[in-house]
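Colleague: what follows is a predicted structure for the sequence shown.
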Amino acid sequence: QQAYQIPGLPQEPDWVKALDACYASPVAQLGLVQISVFAMVVEGRFAPLEAWYGEMGREPGDLGFDPLKFAKRPGTDLKKKQLSE
């Protein structure tokens, strides 16, 4: 089933055919490139490469980004969440 279609982009119910249709359309190709570049930048920025040899400069799960202040809520066991990471 299809929940939502973006106007102007290929209308294909099968995801394999939809990806082929996206590669055929120049507008959809630009969207795929944008999504890919964004994913590469985010993954490259936040990849814990030092964790492989035990010299990570931060605690597990602490990316320095907590806009909703989940770590500071009353009753939050931060050590338990870090241990689960």
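Modeller: Sure thing, it's come through. Numbers count the residues shown, from 1 in each chain.

Colleague: show me where this protein has its helices.
Modeller: 15-24, 26-46, 78-84 (DSSP state H).

Colleague: out of the ones you listed, which gets nearest to Gly8?
Modeller: Checking those against Gly8 by CB to CB gives helix 26-46 as the closest, at 6.8 Å. No exception for glycine: its C-beta is placed from N, CA and C like everyone else's.

Colleague: the closest one packs against which elements?
Modeller: helix 15-24 (3 or more CB pairs under 8 Å, 6 or more residues apart in numbering; DSSP states H and E).

Colleague: hmm, back to that, which one of the helices of the chain lies closest to Pro7?
Modeller: Pro7 lies closest, by CB to CB, to one member of the helices of the chain: helix 26-46, at 11.2 Å.

Colleague: can you check what angle separates the closest one from helix 15-24?
Modeller: Here helix 26-46 runs at an angle of 100 degrees relative to helix 15-24 (axes from the mean of the first three to the mean of the last three CA atoms, to 10 degrees).

Colleague: list the buried residues in helix 26-46.
Modeller: Across helix 26-46, burial judged by 16 or more other CB atoms under 10 Å covers Ala28.

Colleague: could I get the helices of the chain as a markdown table with distance to Met56?
Modeller: Listed next are these as a markdown table, based on distance: least, CB to CB, whole Å:
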| stretch | distance to Met56 |
| --- | --- |
| helix 15-24 | 36 |
| helix 26-46 | 12 |
| helix 78-84 | 12 |
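
Colleague: could you tell me the least trusted of the ones you listed?
Modeller: Lowest mean pLDDT within the helices of the chain: helix 78-84, at a mean of 73.

Colleague: can you show me the CA trace of it as CSV?
Modeller: This file holds the C-alpha atoms of helix 78-84, laid out as CSV (Å, rounded to 0.1, in the frame of the first residue of the first chain):
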residue,chain,number,x,y,z
LEU,A,78,21.3,7.9,32.6
LYS,A,79,23.9,5.3,33.7
LYS,A,80,21.5,2.4,32.8
LYS,A,81,20.9,3.9,29.4
GLN,A,82,24.6,4.4,28.7
LEU,A,83,25.2,0.8,29.8
SER,A,84,22.6,-0.4,27.2
